[in-house]
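**Student:** the amino acid sequence is not available; the structure is as follows:
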């Protein structure tokens, strides 16, 4: 039995290593915006309830209502790469340090180890310029992030390359939470990685999985306040005139709800859907590996809101939004 599992694991490693790889396409802000706008299924707009308000005038008070809507917004762009981002306009925002530490080696280079290191950016999505226009209709929620604003640049954060601080979290020792797999073959059958320590280091045999894990960890950071890293939390709050329920904190393997962050690959593969990371990595990596180790995702987050029509009283919902 043990020999059979070992043989299957070796075959899966060989499949990963022989998967056809190409150079990633350089992308622009226009490409990222177009990719987000084409993903109509990613928006997942719905009427999710009703809000009730108290509206008072010199002639008395009355109860008014407005519909509550829920949908996803491509708030952020997550880039993970070995040396340079493929997003052209922001490629110079996270200048690579050239110190001779192990973290500067890429897989296949001299001095390579079993560990892999990914630099990561979390930047406000340029597509928000179009989505924020839709929010003025009252039937779409405004984003609480700003387009082209850097929320995390890994080279400015010493804790991204050194796990010392993150090791103080008990999650780093117990391995929970983790980006899980639906495979029974363990690490070689689709196990991705644990979330903590939240650094750029990865040990998966496939480079794009290490990139996805880095993007997830950086998004995990920016969805929270007061973390021991150098970053800006991506939670600007609700705009005046709107009662809203902004995205929650990123949790692992969540596909819906306010804790569900969905990742839509922009480069090297253009996805027309968005999903939480996890599942069988052997299937997921197909068409996603690149020689230059550069990856870009739109990050969709869930909002719920209603237009204010007075003093907010309460709301009812039709589902679990």
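**Tutor:** That came through fine. Values in this document were obtained by computation on a predicted structure and should not be read as measured data.

**Student:** neighbours around residue 30, how many?
**Tutor:** By other C-beta atoms under 10 Å, the residues close to residue 30 number 11. (Each C-beta comes from the backbone N, C-alpha and C, glycine too.)

**Student:** skipping its backbone neighbours, what lies nearest it in space?
**Tutor:** In space, and not counting its chain neighbours, residue 30 is closest to residue 126: 7.9 Å by C-beta to C-beta, 6 or more residues apart in numbering.

**Student:** where does the protein dip in pLDDT?
**Tutor:** 1-24, 98-114, 182-191, 254-257, 319-321 (pLDDT under 70).

**Student:** tell me, which strand in the protein spans the most residues?
**Tutor:** strand 60-81 (DSSP state E).

**Student:** who are the packing partners of that strand?
**Tutor:** Counting contacts by 3 or more C-beta pairs under 8 Å, 6 or more residues apart in numbering; DSSP states H and E, strand 60-81 packs against helix 40-43, strand 46-57, strand 119-124, helix 128-134, helix 207-222, strand 262-267, strand 294-307, strand 311-317.

**Student:** same list (the ones you listed) but as JSON lines, adding distance to residue 160.
**Tutor:** Shown next, in JSON lines, are the helices and strands packed on strand 60-81 (distance: least, C-beta to C-beta, whole Å):
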{"stretch": "helix 40-43", "distance to residue 160": "28"}
{"stretch": "strand 46-57", "distance to residue 160": "37"}
{"stretch": "strand 119-124", "distance to residue 160": "7"}
{"stretch": "helix 128-134", "distance to residue 160": "25"}
{"stretch": "helix 207-222", "distance to residue 160": "8"}
{"stretch": "strand 262-267", "distance to residue 160": "19"}
{"stretch": "strand 294-307", "distance to residue 160": "16"}
{"stretch": "strand 311-317", "distance to residue 160": "38"}
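
**Student:** these: which one's closest to residue 163?
**Tutor:** helix 207-222 (11.2 Å; C-beta to C-beta).

**Student:** after the closest one comes which helix or strand?
**Tutor:** strand 242-245 (DSSP states H and E).

**Student:** follow-up on the earlier one: export the helices and strands packed on strand 60-81 to CSV and tack on distance to residue 248 and mean neighbour count?
**Tutor:** Formatted as CSV, the helices and strands packed on strand 60-81 follow (distance: least, C-beta to C-beta, whole Å; neighbours: other C-beta atoms under 10 Å):
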stretch, distance to residue 248, mean neighbour count
helix 40-43, 18, 15
strand 46-57, 15, 15
strand 119-124, 17, 26
helix 128-134, 19, 17
helix 207-222, 12, 26
strand 262-267, 13, 23
strand 294-307, 8, 25
strand 311-317, 15, 13
